[in-house]
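*Asks:* what would the 3D arrangement of this be:
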Amino acid sequence: MQELFTVNNMVFLLEGLYLTLYISVIAIFLSSIFGTILAIMRNQERGILKWIATIYIEIVRNVPNILWIFVIFLIFRLKSVDAGVASFTIFTTAALAEIIRGGLNSVAKGEIEAAESQGLTNSQIMWHIILPQAIRNMLPAIMSQFVTVIKDTSFLWSVLALQELLGKANILMGRYTATSQVFVLYGLLALIYFVVNFTISQIAQKLAKNTRSR
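*Replies:* This next block holds a predicted model:
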């Protein structure tokens with residue numbers, strides 16, 4: 001069993017974890033930007049922007065993410081990492097747009113009316129009154145979405161043969177055929193996912209408590 005826990009093997013798995021987090025962080029960052037734009041568009045009372053945002057969100061959310069990975073990779077012929085980032089950004093943008101829209105709607109109408117009475121424009125109200133409060137309210141949900149993205153990056157190995165955390169683990173499994181070694185390796189993989197996602201979940205819970213206490 002000692003031959004499994006070598007420095008080279010651990011570094012090999014950490015490289016996969018780095019790629020998993022790299023794709024996840026970029027996807028969440030870009031999705032937060034695009035999701036905010038879509039949420040504002042969909043929150044309009046009427047108009048073509050509202051329809052564009054609604055159509056995008058409903059189509060993307062109701063199609064499995066793994067299909068978007070196939071579509072982006074096969075149609076646009078991107079490199080594996082770029083295809084992974086693009087597909088997760090497309091899918092996560094739709095999910096975050098609904099989270100952000102809920103955050104926008106959570107701001108009390110009285111505060112908006114008070115800002116209007118002070119002569120603030122709609123854009124000023126959005127950027128100075130609504131968004132700061134909405135972001136604070138929706139941070140826990142965004143962190144939970146981050147956990148989902150990290151777990152779902154495991155699709156990239158089966159679709160793109162991308163050597164993220166699961167991909168690296170599967171490569172190592174090809175080198176060790178003993179049943180006990182395979183179980184230990186799967187257990188180590190599950191432990192890594194658990195530690196990363198549990199840490200993020202704890203941060204999300206603390207953010208939720210801090211939000212409720214304010």
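*Asks:* what's the next secondary structure element after the helix or strand where Arg101 lies?
*Replies:* Using DSSP states H and E, Arg101 falls within helix 80-105. Downstream of helix 80-105, the next assigned helix or strand under DSSP H and E is helix 109-117.
*Asks:* now that following helix: buried residues?
*Replies:* Ile112, Ala115 (16 or more other C-beta atoms under 10 Å). Where C-beta positions appear, they are placed from N, C-alpha and C, glycine not excepted.
*Asks:* next SSE downstream of it?
*Replies:* helix 122-125.
*Asks:* helices or strands up against whichever helix or strand comes after that next one?
*Replies:* Using DSSP H and E, the helix or strand that directly follows helix 122-125 along the chain is helix 131-152. Contacts defined by 3 or more C-beta pairs under 8 Å, 6 or more residues apart in numbering; DSSP states H and E place helix 131-152 against helix 7-42, helix 80-105, helix 179-213.
*Asks:* give me the residues contacting helix 131-152.
*Replies:* Helix 131-152 is contacted from outside by 20-21, 24, 27-28, 32, 36, 65, 88, 92, 95-96, 99-100, 102-104, 106-107, 111, 193, 196-197, 200-201, 203-205, 207-208, 211, 214, using C-beta atoms under 8 Å, 6 or more residues apart in numbering.
*Asks:* for PyMOL, what selects the buried ones among those residues?
*Replies:* The following PyMOL line selects those of these that are buried, judged by 16+ other C-beta under 10 Å:
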select buried, resi 20+21+24+27+28+32+36+65+88+92+95+96+99+100+103+104+107+193+196+197+200+201+204+207+208
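*Asks:* phi, psi for Phe5 please.
*Replies:* phi -100, psi 60 (degrees, to the nearest 10).
*Asks:* nothing else from me, thank you.
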